[in-house]
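Colleague: Only the shape, not the letters, is given here:
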């Protein structure tokens, strides 16, 4: 049986970065943790949650830039001590679309960083799981439209991605199979 631990031992020097991305409440955090456990990799938590818990939902465009910078900083800190797979619970695509949706524009810093900071794979989470209310979430009825924006953006920038759908174990199995293809 193939598992992440055997891969990690054989390929300990090669770090593969995987962004788990998509609209709110599509299972990014759960999937990131499941993949980290399965492949015995490392995870980068979602920085915006930590940031917004301190300031609430009264944020500015500058706060989204700070969140993007904080996300990248956390990712680089964890990448320094990682081998095998690094699973990132959100990415700059999220901050790009978030800024455009809420403020009608994306700051140049986020756009430039998004274009230059590449992942080996993007796992785009499809909104086929139930919405989970959360005080920090904003778009319970708009996930399908937002999903299309995510996919279109990944296509426009020629980013390697796969759509992750299905419930529970099927969702994880789909993601595991796509990650294995990186090998």
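Modeller: Now that the structure is in, tell me what you want to look at. No experiment lies behind these values; they were computed from the predicted model shown. Numbers count the residues shown, from 1 in each chain.
Colleague: Centre of the chain to the helix ranked longest in the chain, how far?
Modeller: Longest helix in the chain by number of residues (criterion: DSSP state H): helix 61-80. Relative to its parent chain, helix 61-80 has a centroid offset of 13 Å by C-alpha atoms, centre = their mean, to the nearest Å.
Colleague: Can you tell me the strand partners of the following helix or strand past it and which way each runs?
Modeller: Sequence order places strand 84-89 as the next helix or strand after helix 61-80, per DSSP states H and E. Strand 84-89 has the following strand partners under DSSP bridges: strand 15-21 (parallel), strand 42-44 (parallel).
Colleague: nearest to residue 151, of these?
Modeller: Across the strands paired with strand 84-89, residue 151 has its closest neighbour in strand 15-21 (10.2 Å, C-beta to C-beta). Any C-beta I mention is one placed from the backbone N, CA and C, and that applies to glycine too.
Colleague: Residue 156: neighbouring residues, count only.
Modeller: Neighbour count of residue 156, defined by other C-beta atoms under 10 Å: 8.
Colleague: Sketch out the low-pLDDT regions of this structure for me.
Modeller: 1-13, 135 (pLDDT under 70).
Colleague: could you redo the last one with a cut-off of 80?
Modeller: 1-13, 56, 133-140, 183 (pLDDT under 80).
Colleague: show me where it has helices.
Modeller: 4-10, 28-39, 47-55, 61-80, 92-103, 108-116, 143-156, 169-180.
Colleague: do you know which of those helices lies nearest residue 134?
Modeller: helix 47-55 (9.0 Å).
Colleague: Please name every helix or strand in contact with that closest one.
Modeller: helix 61-80 (3 or more C-beta pairs under 8 Å, 6 or more residues apart in numbering; DSSP states H and E).
Colleague: List the buried residues for the helix it packs on?
Modeller: Neighbour-count burial for helix 61-80, with 16 or more other C-beta atoms under 10 Å as criterion, is recorded at 61, 64-69, 71-72, 74-75, 78.
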